[in-house]
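Visitor: dropping a prediction and its sequence here:
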Protein chains: 2
Amino acid sequence: MGERRVSKPTVSRLPLYWRSLERRASDDLRYVSSEQLANWTGFKEPTIRRDLWSLGVAGVRGFGYDVATVVLALGRHLGLERQTNVVIVGVGHLGHALAQYPVFATHGMRVAALLDADPDLAGYQIGDAVVEDVDCLEQVVAARDITVGIIAVPADAAQDVAERLAVAGIGGILNFAPRVLVVPDTVMVRNVDLSVELQILAYYLQAAAGPVNPQA
Amino acid sequence: MGERRVSKPTVSRLPLYWRSLERRASDDLRYVSSEQLANWTGFKEPTIRRDLWSLGVAGVRGFGYDVATVVLALGRHLGLERQTNVVIVGVGHLGHALAQYPVFATHGMRVAALLDADPDLAGYQIGDAVVEDVDCLEQVVAARDITVGIIAVPADAAQDVAERLAVAGIGGILNFAPRVLVVPDTVMVRNVDLSVELQILAYYLQAAAGPVNPQA
DNA sequence: TAGATTGTTAATCGATTAACAATC
DNA sequence: TAGATTGTTAATCGATTAACAATC
């Protein structure tokens, strides 16, 4: 009893640790210090130590952390061991770019289906996958054990696709359409939104350029 | 004196307010309540009231907020009034998709240049812009008053491009390459990282599927 | 040993939220 | 007036960070 009272690490840092170590593990890098990781990822050292600690990774005082151990622990924590099947809905330029993205394979993911509403695209092959009609969404998701959906359709179609994915039993959605999706909370949604990012940049640029006119 | 002691709103919510209102302002929507905004954006009502309040927007008790006023205040705050010139570096499928993205125009942004290292692409037109050689980066940035750079090149080329953009005097970078960029802190970087997002999704899916095996 | 870096607590910080008086 | 919704404080919450003892 007396549950250990420790705040979990913010998950979004873990992929960055993983990536910077994975990339260097081949270079004979045996040990890494929190200082090095801080340089490579931009996070603060104590934050990194706390994260690794709460992951259950033991470092060696005076030396640092064993790279292989850390990579393994991160991979286990992030679920990279089990294969995740992904469907990409919408094969415009964006969907096309995503389908070719090399990270899927290295991250325990597989593009199990490409769907589009345009019949002309049907049969078109990208990587290992072939474009199919979006009408097949439900069957495809069920038949291929797909748990993650990537939405790369125009904004107006996004909510509809999201609902169908949710009903089909998907667990997570990565949404590239500039819309807020409403889905049951059994479904986790991450938004990747160019327009939001641009506006945030614009905000900071303006803020840097000069103070906003002083209004109460 | 006695500076008003108020935490600024987390900027990333403002674009979502803006978008959901902008989209509905045409539909004769005059007033909006924090409850409605909560439904449309997924944020909590008190958070929304606080955000609007710290923006200096006065609502009407019992009615809500005047939509036009809110949209205007958000736009001013986000810097949507002044035009921002953007360069997209890397015109693969992703860069191509970004160049065609309709949000630029509506968000006070203009794609002022498209750059790529592949000579075969030079002269290719997308939207209002024509692909030029990446060697021209410095000249183009200076000549066209470009303040934001979008990096859509392969991971290995990203850091190099980022440095050149920084030296050229850019103020903000939107980075789509799966690399942590190291730049002077005069440059603001926002990362849009498919692999990170996928790993985060995978993490939550795994966490939902069942507890991790109990290790100290 | 001397030097370095971890492990871990406690303090800090900032953002979110509950709650309710104010008032349209 | 009655009903609704804002304005704003205070409490809560969680994450970040400073700091330093522990120890390889």
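Guide: Nice, thanks for sending it over. Because the structure is predicted, anything quoted here is derived from the model rather than measured.
Visitor: hey, where'd the strands end up in chain A?
Guide: If you assign secondary structure with DSSP state E, the strands in chain A sit at A:31-32, A:65-66, A:84-89, A:109-116, A:125-126, A:129-133, A:146-151, A:172-175, A:188-191.
Visitor: quick one: closest of those to chain B.
Guide: Using CB to the nearest CB as the measure, strand A:172-175 is the one of the strands of chain A that comes nearest chain B, at 4.0 Å. C-beta here means a position set from N, CA and C on the backbone, and glycine is covered the same way.
Visitor: how long is stretch A:37-55 from one end to the other?
Guide: 15 Å (CA to CA, to the nearest Å).
Visitor: quick check: buried residues in it?
Guide: By neighbour count on 16 or more other CB atoms under 10 Å in any protein chain shown, the buried set for stretch A:37-55 is A:Leu37, A:Ala38, A:Trp40, A:Thr41, A:Phe43, A:Thr47, A:Ile48, A:Arg49, A:Asp51, A:Leu52, A:Leu55.
Visitor: make a markdown table out of those and add pLDDT and distance to B:Gly123.
Guide: Formatted as a markdown table, the entries for the buried residues of stretch A:37-55 read as follows, by pLDDT from 0 to 100; distance: CB to CB, whole Å:
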| residue | pLDDT | distance to B:Gly123 |
| --- | --- | --- |
| A:Leu37 | 96 | 44 |
| A:Ala38 | 96 | 44 |
| A:Trp40 | 94 | 39 |
| A:Thr41 | 95 | 39 |
| A:Phe43 | 95 | 43 |
| A:Thr47 | 96 | 48 |
| A:Ile48 | 97 | 47 |
| A:Arg49 | 96 | 52 |
| A:Asp51 | 95 | 48 |
| A:Leu52 | 96 | 50 |
| A:Leu55 | 92 | 51 |
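Visitor: among those residues, which are located in helices?
Guide: Secondary structure from DSSP state H places A:Leu37, A:Ala38, A:Trp40, A:Thr41, A:Thr47, A:Ile48, A:Arg49, A:Asp51, A:Leu52 of those in helices.
Visitor: out of the residues you listed, who's near chain B?
Guide: Checked against chain B using CB under 8 Å from any CB of the partner chain, these give the following subset in range: A:Trp40, A:Thr41.
Visitor: thought A:Gly108 was touching A:Arg76?
Guide: No: look at A:Gly108 against A:Arg76 with CB atoms under 8 Å: they stay out of range, at 11.0 Å.
Visitor: so who does A:Val167 touch?
Guide: Listed by CB atoms under 8 Å, 6 or more residues apart in numbering or on different chains, the contact set of A:Val167 reads A:Glu138.
Visitor: same check, this time on the one 3 residues further on
Guide: With contact set as CB under 8 Å, 6+ apart, A:Ile170 has these partners: A:Val87, A:Val141, A:Ile146, A:Thr147, A:Val148, A:Gly149, A:Val187.
Visitor: go through those residues and single out the one with the most neighbours.
Guide: Looking at the contacts of A:Ile170 with neighbours defined as other CB atoms under 10 Å in any protein chain shown, the largest count falls to A:Gly149 at 28 neighbours.
Visitor: in space, what's closest to it - neighbours in sequence excluded?
Guide: In space, A:Gly149 comes closest to A:Leu165 once its chain neighbours are excluded; the distance is 4.2 Å by CB to CB, 6 or more residues apart in numbering or on different chains.
Visitor: can you pull the contacts of the one you found?
Guide: Taking CB under 8 Å, 6+ apart, we find A:Leu165 in contact with A:Val87, A:Val89, A:Leu137, A:Val141, A:Gly149, A:Ile151, A:Ile173, A:Val183, A:Val187.
Visitor: how near is it to A:Ala122?
Guide: 20 Å (CB to CB, to the nearest Å).
Visitor: hang on, the earlier thing: tabulate the ones in helices among the buried residues of stretch A:37-55 (a markdown table), appending distance to DNA strand D.
Guide: Listed next are these as a markdown table, based on distance: CB to the nearest atom of the strand, whole Å:
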| residue | distance to DNA strand D |
| --- | --- |
| A:Leu37 | 13 |
| A:Ala38 | 10 |
| A:Trp40 | 15 |
| A:Thr41 | 11 |
| A:Thr47 | 5 |
| A:Ile48 | 9 |
| A:Arg49 | 7 |
| A:Asp51 | 8 |
| A:Leu52 | 12 |
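Visitor: nothing else from me, thank you.
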